[in-house]
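> build the 3D model from these lines:
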Amino acid sequence: MGMTRAAWCEARATLQKMLSASEATLKDDVGLRQKAFVPQNKAKMHLPARIGDYTDFYSSKNHAYNVGCMFRGPENALMPNWTYLPVGYHGRASSVIISGTPVRRPNGQTRADESKPPVFGPCRLMDIELEMAFFVGGASNNLGTSIPMGKAEDHIFGMVVMNDWSARDIQKWEYVPLGPFLAKSIGTSISPWVVTMEALKPFVTDNLPQDPPALPHLSHPDNYNFDIKLDVSIKVPDVSEPAVVSRSNFKVIAKEMATK
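The predicted structure is shown next:
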């Protein structure tokens with residue numbers, strides 16, 4: 001991941017060749033195969049990389065509007081800057097966890113009644129956020145210098161599914177004026193397997209139209225959006241089948257990865 005995009009593509013092509021039915025290297029060597037593979041029932045999943053930094057972006061217009069309605073009402077749901085720039089905040093990298101890791105309901109300050117002082121206690125509005133996350137790799141840029149839009153693809157390694165656990169009642173009280181803090185550091189779950197951007201090429205689709213148009217430094221002519229179907233199911237105790245509570249698609253993201 002820390003190497004070049006060319007190295008990523010070479011590694012992927014080599015793995016595909018080694019695992020193909022026509023390649024004898026693994027297929028005909030039992031000893032090598034036993035060293036190379038771990039049975040699924042014995043495999044333990046880990047974070048796919050050492051995560052030194054983590055930024056969470058507010059990229060979906062529907063999500064930004066819905067959360068804005070929760071906190072400020074429909075008339076002030078979308079802030080003026082949202083349509084012009086990729087709004088984000090620095091998350092807590094140490095709280096990024098592998099899917100399946102238990103998440104504890106947090107305690108914090110909440111203020112359900114605006115006529116009374118806040119109280120401290122367990123979160124009562126624990127929420128989930130269906131997200132996609134991408135890993136940044138390649139050669140690092142120097143402090144104070146940015147990566148131009150035309151070079152963004154050389155640094156976006158691949159994607160994972162993410163759940164940004166959110167304590168909404170704590171968030172509503174603490175987020176003004178500097179944004180989320182303890183409400184978003186409970187845990188951020190990601191899938192253990194990274195799907196490379198090379199593997200996602202067959203699913204490239206048109207970028208979502210920008211209204212108003214993006215400023216020049218955030219404009220790029222190439223499509224860098226992906227048709228990825230996503231859904232969320234919740235399974236509660238004593239119920240045999242999970243219930244689907246949300247269906248979406250990554251292609252409705254208003255701010256493409258390259259802008260970030």
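
> so what's the residue lying closest to residue 111 once chain neighbours are set aside up against?
In space, and not counting its chain neighbours, residue 111 is closest to residue 118: 4.2 Å by CB to CB, 6 or more residues apart in numbering. C-beta: built from backbone N, CA, C; applies to glycine. Applying CB atoms under 8 Å, 6 or more residues apart in numbering to residue 118 gives the contacts 109, 110, 111, 173.

> and what of residue 250?
Counting by CB under 8 Å, 6+ apart, residue 250 touches 132, 225, 226, 227, 228, 230.

> pick out whichever of the residues you listed sits closest to residue 197.
Nearest to residue 197, judged by CB to CB, of the contacts of residue 250 is residue 226 at 8.8 Å.

> how close does residue 88 sit to residue 259?
Residue 88 is 10 Å from residue 259, where distance means CB to CB, to the nearest Å.

> my error: substitute residue 65 in the last question.
Taken as CB to CB, the span from residue 65 to residue 259 is 19 Å.

> not counting its neighbours along the chain, what's nearest residue 81?
In space, and not counting its chain neighbours, residue 81 is closest to residue 87: 6.5 Å by CB to CB, 6+ apart.

> pretty sure the one you found is touching residue 78, no?
No - Residue 87 is beyond contact range of residue 78, at 10.1 Å (criterion: CB atoms under 8 Å).

> for stretch 231-246, measure first residue to last.
Taking CA to CA, to the nearest Å, stretch 231-246 runs 5 Å from one end to the other.

> what does that stretch contact?
Residues outside stretch 231-246 that contact it (CB under 8 Å, 6+ apart): 128, 130, 247, 248.

> just the ones in strands from the residues you listed, please.
Counting by DSSP state E, those place 130, 247, 248 in strands.

> can you pull up the bridge partners for the first one?
Under DSSP bridges, the beta-bridge partners of residue 130 are residue 163.

> wait, it touches residue 228, no?
No - look at residue 130 against residue 228 with CB under 8 Å: they stay out of range, at 11.3 Å.

> and the helices in the stretch 151-260 of the chain?
168-174, 197-200 (DSSP state H, counting those that start in this stretch).

> highest average neighbour count across those?
Mean neighbour count (mean count of other CB atoms under 10 Å) peaks for helix 168-174 among the helices of the stretch 151-260 of the chain, with a mean of 21.

> pLDDT averaged over that helix, what's the number?
Helix 168-174 comes out with an average pLDDT of 95.

> contacts for it, please.
By CB under 8 Å, 6+ apart, the surrounding residues in contact with helix 168-174 are 70-71, 106, 108-112, 118, 123-127, 180-184.

> show me those residues that map onto helices.
70, 71 (DSSP state H).

> ok, back up a step: and the residue nearest to residue 111, backbone torsions?
Taking degrees, to the nearest 10, you get phi -70, psi 160 for the backbone angles of residue 118.
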